[in-house]
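Fold the following for me, if possible:
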Amino acid sequence: MTARGWFLFSLMGVVWGIPYLMIKVAVDTLSPSMVVFTRCALGALLLLPFALRQGALFRTVRAHWAPMLAFACIEIIGPWFTLTDAERHLSSSTAGLLIAGVPIVGVALARFFGDTEGLGPRRVTGLALGLAGVAVLTVPHLTGGDARSLGEVLLTVLGYATAPLIAARHLKNVPTLQLTAPCLTLAALVYAPAAAASWPSALPSAQVLAALAGLGAVCTAVAFVAFLELIKEAGPTRATVITYVNPAVAVAVGALFLDEPLTPTVLTAFALILAGSVLATAAGPRPAARPVPWSARQTSRADGRVESP
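Numbers count the residues shown, from 1 in each chain. This is a model prediction of the structure:
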């Protein structure tokens with residue numbers, strides 16, 4: 001991979017690893033609806049001009065409105081609220097580690113919806129390891145007050161794992177900006193009434209405002225643009241490896257800025273989820289090349305000579 005590719009990869013590893021910290025900072029002062037609205041509105045404002053410049057935005061929305069609506073609900077409107085609400089009671093590190101289970105759930109869902117690629121022992125082992133890592137984090141809290149928050153994060157994981165299946169099957173021909181900008185706009189409109197009802201009586205602190213600005217501008221708008229460039233530079237397979245870098249960043253920034261403890265439980269869960277995700281999403285073995293019969297590769301002539309097509 002080129003130097004530019006490594007730069008984009010490093011950027012995305014950080015950009016999609018810090019939202020958990022920013023959400024934690026913002027939701028301590030503002031309502032989850034307000035946080036989600038601000039993030040979506042700012043991201044939409046920054047991306048809409050680029051989407052409009054591509055042309056045919058409204059025609060694209062009319063042609064694909066049903067899958068785009070489903071994608072917006074399952075990827076943004078639902079998960080961003082449940083994740084934000086959960087972080088009122090969970091640490092940013094725990095939330096980031098649980099979200100690392102998305103690739104594992106994605107494998108299971110792909111199989112359920114007819115993925116014909118065999119799992120094999122390696123991927124089955126990965127699923128088991130990943131689920132064990134999630135259990136290490138969740139089981140100790142199932143009898144406590146965090147059970148609801150854990151459930152919200154797991155719903156977020158389910159949404160994040162399902163939405164790409166919709167995009168891959170029904171939206172693969174839609175330019176990413178023309179998919180993202182309308183979905184963010186819709187999400188902002190959905191949360192506008194609740195955000196208005198919970199509007200703070202006083203101006204939030206500079207730290208909270210900075211967290212909101214970072215969520216909308218960096219973790220939403222810049223992230224999508226950088227990810228598209230990374231795909232062009234390194235290809236889609238290498239680009240998705242950032243999924244495994246983000247949880248490490250979430251744990252690190254939580255420990256550095258929020259004094260969240262790096263307990264043996266957290267470190268064990270991280271190792272299990274990371275290993276499980278890598279194994280469960282690994283490409284299956286390539287089928288052995290089948291020799292092409294000579295009759296399919298050559299054409300006989302009347303004079304007895306043989307020539308390739």
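
Test my guess that residue 14 contacts residue 250.
No. Using C-beta atoms under 8 Å as the test, residue 14 is too far from residue 250 to be in contact (10.3 Å). Quick note: C-beta positions are derived from backbone N, CA and C, even for glycine.

Give me the more crowded residue out of these two.
residue 250 (28 against 17; other C-beta atoms under 10 Å).

Correct me if wrong: that one contacts residue 17.
Yes. With contacts counted by C-beta under 8 Å, residue 250 reaches residue 17, the gap being 5.1 Å.

list residues touching both of the two?
Common contact partners of residue 250 and residue 17 (C-beta atoms under 8 Å, 6 or more residues apart in numbering): residue 96.

any weak-confidence spans in the stretch 201-309 of the chain?
Within the stretch 201-309 of the chain, the segments meeting pLDDT under 70 span 228, 231-232, 234-245, 277, 280-309.

Now do the helices in it.
With helices called from DSSP state H, counting those that start in this stretch, the stretch 201-309 of the chain shows them at 206-213, 223-234, 236-239, 242-257, 264-280, 294-297.

Residue 175 is nearest to which of those?
If you check each of those against residue 175 by C-beta to C-beta, helix 223-234 wins as the nearest, at 9.2 Å.

Can I get the helices of the stretch 201-309 of the chain in JSON lines including distance to residue 185?
Below are the helices of the stretch 201-309 of the chain laid out as JSON lines (distance: least, C-beta to C-beta, whole Å):
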{"stretch": "helix 206-213", "distance to residue 185": "18"}
{"stretch": "helix 223-234", "distance to residue 185": "14"}
{"stretch": "helix 236-239", "distance to residue 185": "25"}
{"stretch": "helix 242-257", "distance to residue 185": "25"}
{"stretch": "helix 264-280", "distance to residue 185": "32"}
{"stretch": "helix 294-297", "distance to residue 185": "52"}
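
I'd like to know which of those helices lies nearest to residue 106.
Proximity to residue 106 (C-beta to C-beta) singles out helix 264-280 among those, at 8.6 Å.

list the buried ones in the closest one?
Across helix 264-280, burial judged by 16 or more other C-beta atoms under 10 Å covers 266, 269-270, 272-280.

which stretches of the stretch 51-200 of the chain aren't confidently modelled?
Flagging of the stretch 51-200 of the chain using pLDDT under 70 yields the residue ranges 111, 113-119, 137-145.

what about 50?
Judged against pLDDT under 50, the stretch 51-200 of the chain has no low-scoring part.

Tell me where it has helices.
Taking DSSP H, counting those that start in this stretch as the criterion, the stretch 51-200 of the chain carries its helices at 57-63, 65-72, 78-86, 92-99, 102-112, 120-138, 147-170, 176-197.

Comparing these, which comes out most buried?
Across the helices of the stretch 51-200 of the chain, the average number of neighbours (mean count of other C-beta atoms under 10 Å) peaks for helix 92-99, which reaches a mean of 27.

from the middle of its chain, how far away would that one be?
Remark: helix 92-99 is offset 13 Å from the chain centroid, using C-alpha atoms, centre = their mean, to the nearest Å.

check contacts around residue 215.
Under the criterion of C-beta under 8 Å, 6+ apart, the contact list for residue 215 reads 19, 22-23, 26, 35, 38-39, 42.

want to throw those into TSV with neighbour count, pLDDT and secondary structure?
Listed next are those as TSV, based on neighbours: other C-beta atoms under 10 Å; pLDDT from 0 to 100; DSSP: H, G, I helix; E, B strand; the rest coil:
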residue	neighbour count	pLDDT	secondary structure
19	28	87	helix
22	26	91	helix
23	27	92	helix
26	27	93	helix
35	30	96	helix
38	21	95	helix
39	31	94	helix
42	21	96	helix
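
which two in those residues are spaced the farthest apart?
Pairwise distances across the contacts of residue 215 peak at 14.1 Å for 23 and 42 (criterion: C-beta to C-beta).

What separation do you get for the spatially most central residue of the chain and residue 204?
For the chain, the residue nearest the mean C-alpha position is residue 160 (5.7 Å; C-alpha atoms, centre = their mean). Using C-beta to C-beta, to the nearest Å, residue 160 is found at 28 Å from residue 204.

Next: residue 130.
Note on residue 130: its distance to residue 204, by C-beta to C-beta, is 37 Å.

And residue 75, by the same measure?
As judged by C-beta to C-beta, residue 75 and residue 204 stand 27 Å apart.

Between these two, which is the more surrounded one?
Taking other C-beta under 10 Å, residue 75 and residue 204 do not tie; residue 75 has more neighbours (21 against 17).
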